[in-house]
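Asks: dropping a prediction and its sequence here:
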Amino acid sequence: MNEGFEDFDLTGRSVVVSGAASDMGAAIARSLVAAGAKVLLGDVDEARLAQALEGAGGAAGQVFAMRTDVTRRAEVEALVDRSVSEFGGIDVMANIAGVIHDSLVVETDEADLDRVLAVNLKGVYLGCQAAARRMSEQGRGSIINMASLAAFAALPELSCYSVSKAGVVALTRVLAAEVGPSGVRVNAIAPGFVEGGMTARRVRRTDGSVDEEKLEAVRAGVRQRNPLRTTGEPRDIANAVLFLASDASRYLTGQVLHANGGSYMPS
Ligand SMILES: NC(=O)c1ccc[n+]([C@@H]2O[C@H](COP(=O)([O-])OP(=O)(O)OC[C@H]3O[C@@H](n4cnc5c(N)ncnc54)[C@H](O)[C@@H]3O)[C@@H](O)[C@H]2O)c1
């Protein structure tokens, strides 16, 4: 590797990705494998998890998948334990699993609020807890949490999602302060609109297919609101994960990377 680029090298690093069956999670897993990491994929959706495993590539013994519900502590701990038994440790934990729900605050069902908080906030909390314990013993590690632009912008009908992601940002900062002295870094990524995944939910027809015309109108709105005049792709988020996973980000902790085309610029 060229001098100056060795800090980006992930060869042999052990990485756990939760929510790895999503478009974004699968892209993250693929990029990590291509960068030489050993990757363990977790998700509750077994069929899509198998596809993500297949698509991740890699050599024998480099990539594994395990059904994991991030709302269950025992399953999250088992995922981290599997990384330790399979790879000898855990260098990186990427907490990507998430769900979204659209409703006005005054119309939100308690069950929907509970579900979103359970996956997006408690799930990330449990992932952080299990990984941070192991990483603190090792004296090194990088935890990457998936937040969202919704944690920073006031988006009507996204209250459950927004408060869960704001909680992820707060957790990221507090944990970064707690485990930094043990050599563990904790950062978050807050994407704006990213193609695929949950973005198509508002433009689905009753048969589940996507109304491309409506989706294009949503994209046009997003492009108009950001200086780069573009929408994000899963690989944009995967690239941010590669950076935060590697030693190239060794001086960063407690930070949020705003991958949003410039639509929100924190002061
Ligand atoms: N797509 C976007 O524009 C966007 C923007 C900002 C943030 N995000 C965040 O990125 C992440 C991935 O989103 P996506 O758009 O690819 O959505 P997605 O719906 O395709 O992916 C979410 C994944 O989480 C998994 N999951 C749900 N509940 C789970 C549970 N209890 N245990 C384990 N896995 C569970 C799902 O099976 C799915 O694979 C989410 O955290 C989302 O909030 C997405």
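Replies: It's in. Residues are numbered from 1 along each chain as shown.
Asks: got any ranges where the stretch 51-200 of the chain has weak pLDDT?
Replies: Applying pLDDT under 70 to the stretch 51-200 of the chain flags no residue at all.
Asks: quick one: the residue in the stretch 101-250 of the chain positioned nearest to the ligand from Val63, how far?
Replies: At 2.1 Å from the ligand, Gly197 is the closest residue in the stretch 101-250 of the chain, using Cβ to the nearest ligand atom. Quick note: C-beta positions are derived from backbone N, CA and C, even for glycine. Counting by Cβ to Cβ, to the nearest Å, the separation of Gly197 from Val63 is 21 Å.
Asks: swap in Val92?
Replies: Using Cβ to Cβ, Val92 is found at 14 Å from Val63.
Asks: give me the more crowded residue out of the two.
Replies: Val92 (26 against 23; other Cβ atoms under 10 Å).
Asks: which strand residues bridge that one?
Replies: Going by DSSP bridges, Val92 is paired in beta bridges with Val15, Ser142.
Asks: touching, it and Ser18? I think so.
Replies: No - look at Val92 against Ser18 with Cβ atoms under 8 Å: they stay out of range, at 11.7 Å.
Asks: how many residues are close by Gly232?
Replies: Gly232: 24 neighbours (other Cβ under 10 Å).
Asks: ok, now the one 3 residues further on?
Replies: Taking other Cβ under 10 Å as the neighbour definition, Arg235 ends up with a count of 16.
Asks: check which helix or strand covers the residue lying closest to it once chain neighbours are set aside.
Replies: Nearest residue to Arg235 in three dimensions, chain neighbours excluded: Ala27, at 5.5 Å (Cβ to Cβ, 6 or more residues apart in numbering). Ala27 belongs to helix 23-34 when assigned by DSSP states H and E.
Asks: skipping adjacent residues, who's closest to Thr71 in space?
Replies: Spatially, and ignoring its direct neighbours in sequence, Thr71 is nearest to Ala118 (4.5 Å; Cβ to Cβ, 6+ apart).
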